[in-house]
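Undergrad: The following comprises the amino acid sequence and a computationally predicted model.
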Amino acid sequence: MLFLASTVRYYLYPGICDMRRGIDSLSGIVRAEMNRDPMSGEIFIFLCRRRRQIKLLLFEGDGYALYLKRLERGTFEFPQKEPSGQAILTSSDELNWILKGIQLESIRHRKRYCFP
């Protein structure tokens, strides 16, 4: 079972990823194209061209873990954010919504106090 903590940073790869790639080549993409450290404890998210598969790469302190989800019907939604640099920072809530198939455009947040 995958637990998505709100204290962890989640980075979405803005390009298209070949789902045949494994841990070594995905961590190479994280280093070379996303300019991040794959051993930082952050979670890196990759989508394929048809958006029917998603992979999450994370380092757990003693080794890498790779989570894969393939949809039998439907697609994952790609967040409509402008990439700032080489990776799109997203939240654990947004990742949960993507994994559950919730349409991101229909979600509205009520105003809350946010500590700077």
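TA: Great, that's in hand. Everything numeric here is computed off the predicted structure, so don't read it as measured data.

Undergrad: Point to the residue nearest the middle of this structure.
TA: I45 (2.6 Å; CA atoms, centre = their mean).

Undergrad: Quick check: that one is in a strand.
TA: Yes. Counting by DSSP: H, G, I helix; E, B strand; the rest coil, I45 falls inside a strand.

Undergrad: May I have the residues that are in contact with it?
TA: Y10, Y11, L12, Y13, I54, K55, L56, T90, L95 (CB atoms under 8 Å, 6 or more residues apart in numbering). C-beta here means a position set from N, CA and C on the backbone, and glycine is covered the same way.

Undergrad: among the residues you listed, which are in helices?
TA: L95 (DSSP state H).

Undergrad: Tell me which two in the contacts of I45 are the farthest apart.
TA: Farthest apart among the contacts of I45 by CB to CB are K55 and T90. That separation is 14.7 Å.

Undergrad: Can you pull the phi/psi pair for the nearest residue to G61 once chain neighbours are set aside?
TA: Once flanking residues are discounted, G61 sits nearest to G41: 7.6 Å by CB to CB, 6 or more residues apart in numbering. Main-chain dihedrals, G41, degrees, to the nearest 10: phi 90, psi 0.

Undergrad: Verify the stated contact: G41 with Y10.
TA: No. Taking contacts as CB atoms under 8 Å, G41 lies outside contact range of Y10: 11.3 Å.

Undergrad: So which of the two has more stuff around it?
TA: More crowded of G41 and Y10, by other CB atoms under 10 Å: Y10, with 23 against 13.

Undergrad: Could you report the pLDDT at that one?
TA: Note on Y10: pLDDT of 92.

Undergrad: Without its sequence neighbours, what residue ends up closest to V8?
TA: I43 (5.9 Å).
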